[in-house]
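>>> Prediction below, plus the sequence it came from.
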Amino acid sequence: MTSTYKVKHGGMAWGTRLAGAVLLLAGLGLIAWNERRVMDYAAAIQRHGAPVLDLGAAGRPAAGQYGSQTRVSGMPQIVDAPRDPEFNVRADSPILIRHVEMFQWREITVGGATHYELDWVDRPIDASTFARPAGHVNPGAFPIQGRQFEAGEVKLGNFRLSEKILRAFPGRTTVAPDEKKLPANLAATFQRVDDALVTSAKPTHPRLGDLRVSWEAVPLQSMTVLARIDGDTLIPAPAKEGDAGFDVQVGERSLLEVVPALPEPPQAVLPLRIIAFVLSSAGALLLALTGRMRRDPLFALGIGAVVVSAVAGVMWLAGDAMAASVWLLFAVLGAGLAIWRVQQRTAQVH
């Protein structure tokens, strides 16, 4: 009976030790694989160039960010809206654009036949170059010029946007003028037709030289900007061949969507570190079940911290001394915990 018990007990002990060794090795293998992924990502980022701060919509200007590339997203905030002071037209938009057209003669040649027609054109047409200028003379320079007005201040998240970035915002939407807000001299000259102002006495039958003025604005929509941080402002980075130094995209775009060449960061780094620690600690606990430190979870936790942190620390030694120091500090703390538990058990025995 005693022999049978010893054989069974011995077999269970070896099985427990084997399971403990497997768990311990699994933990060590997992931490080694996980840290290799992180190291490879750091090396790829270095090859790509300066890292990009992924601040999104919540990021704020902070010390140490100057000169860094960042991704910022969200709905632009118009702090100081653009305004056309001559016509008193304003838009809650990053950019307001005034278009001016004149009713002029145009020369059209199709299949060798030339004819002339009156149409709205946004630039003066020199009739002296026409094949038959007689009877098709245009008025010349416009009395009112088209212009573009930028907002005094636009913010995306907590950063201001430079004018060059604002000018790259896509899309256009019509801005209707308010006749009641026109200055008196212009109100006597212009009348509203649809979403424009015209000088035509009969808008359905404009005459040569009549003007049509209309406005467009960049629509307010969710945007993603990749640019350089200069204090509290996003500006273009120094331009390179084929690269404007910044990027503007409509909508909420991830960093990888904005910079496809950027290496994809490893996923679940912290959870895998925790799993590696748990596996190693469980393995140490099973290995200690047949020894003096059996059923001591604190000792097992200390051993788990030692082996996992030591492996990770040694791996980081060649690439990042700071990361290696942090890992080795955890190893020392784990060793301290394990030694303290051994001393406690020894004191209890004696």
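Right, received. Where do you want to start? All figures in this text were calculated on a predicted structure; none of them were measured in a lab.

>>> so where's this structure shaky on pLDDT?
Within the chain, the stretches with pLDDT under 70 are 1-13, 45-51, 241-242, 260-263, 289-294, 348-350.

>>> Just give me the residue right at the centre of it.
Arg71 (2.7 Å; C-alpha atoms, centre = their mean).

>>> Quick check, it in contact with Leu55.
Yes - using C-beta atoms under 8 Å, Arg71 is in contact with Leu55, at 6.6 Å. C-beta: built from backbone N, CA, C; applies to glycine.

>>> and the residue nearest to the centre of the chain, what does it touch?
52-56, 224-226, 253, 255, 258 (C-beta atoms under 8 Å, 6 or more residues apart in numbering).

>>> wait, is Glu35 part of a strand?
No - applying DSSP: H, G, I helix; E, B strand; the rest coil, one finds Glu35 to be helix, outside a strand.

>>> thought it was touching Met315?
Yes - Glu35 is within contact range of Met315, at 5.0 Å (criterion: C-beta under 8 Å).

>>> Residues contacting stretch 235-250, please?
The contact list for stretch 235-250, computed with C-beta under 8 Å, 6+ apart, reads 69, 162, 164-165, 168-171, 221-228, 234, 257-259.

>>> re the thing from before, check which helix or strand covers the residue nearest to the centre of the chain.
Here Arg71, judged by DSSP states H and E, is contained in strand 69-74.

>>> so what strands line up beside that strand?
strand 52-56 (parallel), strand 223-230 (antiparallel) (DSSP bridges).

>>> Same question for it: list its buried residues.
69-74 (16 or more other C-beta atoms under 10 Å).

>>> Tell me the one of the residues you listed nearest Glu179?
Gly74 (35.4 Å; C-beta to C-beta).

>>> so how far is the strand holding Arg71 off the chain centroid?
4 Å (C-alpha atoms, centre = their mean, to the nearest Å).

>>> Who are the packing partners of the helix or strand following that strand?
Tracing the chain past strand 69-74, the next element assigned as helix or strand by DSSP H and E is strand 77-80. Packing partners of strand 77-80 (3 or more C-beta pairs under 8 Å, 6 or more residues apart in numbering; DSSP states H and E): strand 153-156.

>>> strands paired with the strand it packs on, and their directions?
Strand pairing (DSSP bridges) places strand 153-156 next to strand 77-80 (antiparallel), strand 159-161 (antiparallel).

>>> Touching, Gly74 and Leu220? I think so.
No - if you go by C-beta under 8 Å, Gly74 and Leu220 don't touch, sitting 11.3 Å apart.

>>> Report the contact partners of Ile165.
225, 227, 234-236, 246, 248.

>>> Check the gap between it and His99 for me.
As judged by C-beta to C-beta, to the nearest Å, Ile165 and His99 stand 23 Å apart.

>>> Mean neighbour count, the strands paired with strand 69-74: which tops it?
Comparing those by mean neighbour count (mean count of other C-beta atoms under 10 Å), strand 223-230 comes out on top with a mean of 22.

>>> circling back to that earlier point, mind putting the contacts of Arg71 into CSV with distance to Glu86?
Output for the contacts of Arg71, formatted as CSV (distance: C-beta to C-beta, whole Å):
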residue, distance to Glu86
Val52, 42
Leu53, 42
Asp54, 43
Leu55, 39
Gly56, 40
Thr224, 34
Val225, 31
Leu226, 36
Arg253, 38
Leu255, 43
Val258, 38
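
>>> which pair in the residues you listed spans the largest distance?
Leu53 and Arg253 (15.1 Å).

>>> Surely Trp215 is in a strand?
Yes - the assignment for Trp215 by three-state DSSP puts it in a strand.

>>> Beta-bridge partners for Leu153, please?
Let me fix one detail, which is that residue 153 is Glu and not Leu. Asp80.

>>> who are the neighbours in contact with it?
Glu153 neighbours (C-beta under 8 Å, 6+ apart): 79-80, 160.

>>> Quick check: it vs Pro94, distance?
Taking C-beta to C-beta, one finds Glu153 at 10 Å from Pro94.

>>> what do you get for Val306?
57 Å.

>>> These two: which is more packed in?
Neighbours of Val306 and Pro94, each counted by other C-beta atoms under 10 Å, are more numerous for Pro94; the result is 26 against 21.

>>> What separation do you get for the more buried one and Gly245?
19 Å.

>>> now swap in Ala276 and tell me
For Ala276, the distance to Gly245 - C-beta to C-beta - is 42 Å.

>>> domain assignment for the protein?
For the chain, the structural domains run 2-46+266-349, 77-217, going by automatic domain parsing.

>>> how about CSV for the ones you listed, with distance to Ala63 added?
Below are those laid out as CSV (distance: least, C-beta to C-beta, whole Å):
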stretch, distance to Ala63
domain 2-46+266-349, 19
domain 77-217, 14
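
>>> Mind listing the strands the lengthiest strand in the chain pairs with, and their directions?
Looking across the chain with DSSP state E, the single longest strand is strand 95-110. Sheet pairing for strand 95-110, assigned by DSSP bridges, gives strand 113-121 (antiparallel), strand 147-150 (antiparallel), strand 211-217 (antiparallel).

>>> Give me the contact list for the longest one.
Contacting residues not belonging to strand 113-121 are listed as 101-108, 130-132, 136, 206, 208, 212 [C-beta under 8 Å, 6+ apart].

>>> Which one of these is nearest to Leu337?
Distances from Leu337 to the contacts of strand 113-121, taken by C-beta to C-beta, are shortest for Glu101, at 80.6 Å.
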